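**Student:** everything below, folded, please.
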Amino acid sequence: MTFFYILTVLALVLSLAFDRNKSWQALQVALKRFLQILPDLLLMTVLVAVVLYLLPQSTIAFYLGKYNLLFSSIVAAILGSVTLMPGFIAYPLCGLLAKQGVPYLVLGIFSTTLMMVGVVTFPLEQRYFGTKVALIRNLVSLLIALIVGLGIGIFFGEI
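**Tutor:** Numbers count the residues shown, from 1 in each chain. The predicted structure is shown next:
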């Protein structure tokens, strides 16, 4: 992570050297957008922290643990499909779940369905794309999520 911080600072210094005005404008836009998402980011972070604190590790291990990967994968696919969460919250959540012992296979399915399958957004998709296209898109996304999870499980030796 330190590498990315150093790379970012170097890129900013280089940008400032080429065009100081545009660089400052870009920093102002970035700060404004960051401040817009900060309340949601903090709220989601606090909610996730509270839920992870209140849920005993045994509960997390039962539903998302490595004892029954098929059951855990199904639970992760369902949770990811029905939850609406932005990536900047989902990935840190997956990091916290990984520290709780959730297998990477399950995390792969959860995060992929979270980003690609939209049960909550289905009515909106249905209105714009039609029922058939929305349904096919979500089913294909679910299939892709399961394949991604399987690949991750094989890569990390969990299967």
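**Student:** then stretch 34-49 to CSV, C-alphas only?
**Tutor:** Provided in CSV are the C-alpha atoms of stretch 34-49 (Å, rounded to 0.1, in the frame of the first residue of the first chain):
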residue,chain,number,x,y,z
PHE,A,34,-14.9,13.0,-1.4
LEU,A,35,-16.8,15.2,1.0
GLN,A,36,-20.0,14.3,-0.8
ILE,A,37,-19.5,10.6,-0.2
LEU,A,38,-17.9,10.9,3.2
PRO,A,39,-21.2,10.8,5.2
ASP,A,40,-22.3,7.6,3.5
LEU,A,41,-18.9,6.1,3.8
LEU,A,42,-18.7,6.8,7.5
LEU,A,43,-22.3,5.5,8.1
MET,A,44,-21.6,2.3,6.3
THR,A,45,-18.3,1.8,8.0
VAL,A,46,-19.9,2.3,11.4
LEU,A,47,-22.8,0.0,10.6
VAL,A,48,-20.5,-2.8,9.3
ALA,A,49,-18.3,-2.4,12.4
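**Student:** how close does the spatially most central residue of the chain get to Leu79?
**Tutor:** Centroid-nearest residue in the chain, with Cα atoms, centre = their mean: Ala90, separated by 3.0 Å. Counting by Cβ to Cβ, to the nearest Å, the gap from Ala90 to Leu79 is 11 Å. Using the backbone N, CA and C atoms, a C-beta is placed for each residue, glycine as well.
**Student:** Ile109 sits in which helix or strand?
**Tutor:** helix 104-116 (DSSP states H and E).
**Student:** for the lowest-mean-pLDDT helix or strand in the chain, give me every contacting residue.
**Tutor:** Using mean pLDDT, DSSP states H and E, helix 57-64 stands out as the lowest-scoring helix or strand of the chain, at a mean of 76. The contact list for helix 57-64 (Cβ atoms under 8 Å, 6 or more residues apart in numbering) reads 52, 67, 71-72, 75-76, 97, 100-103, 106, 110.
**Student:** out of those residues, flag the one nearest to Phe156.
**Tutor:** Phe156 has its nearest neighbour among those in Pro103, at 7.8 Å by Cβ to Cβ.
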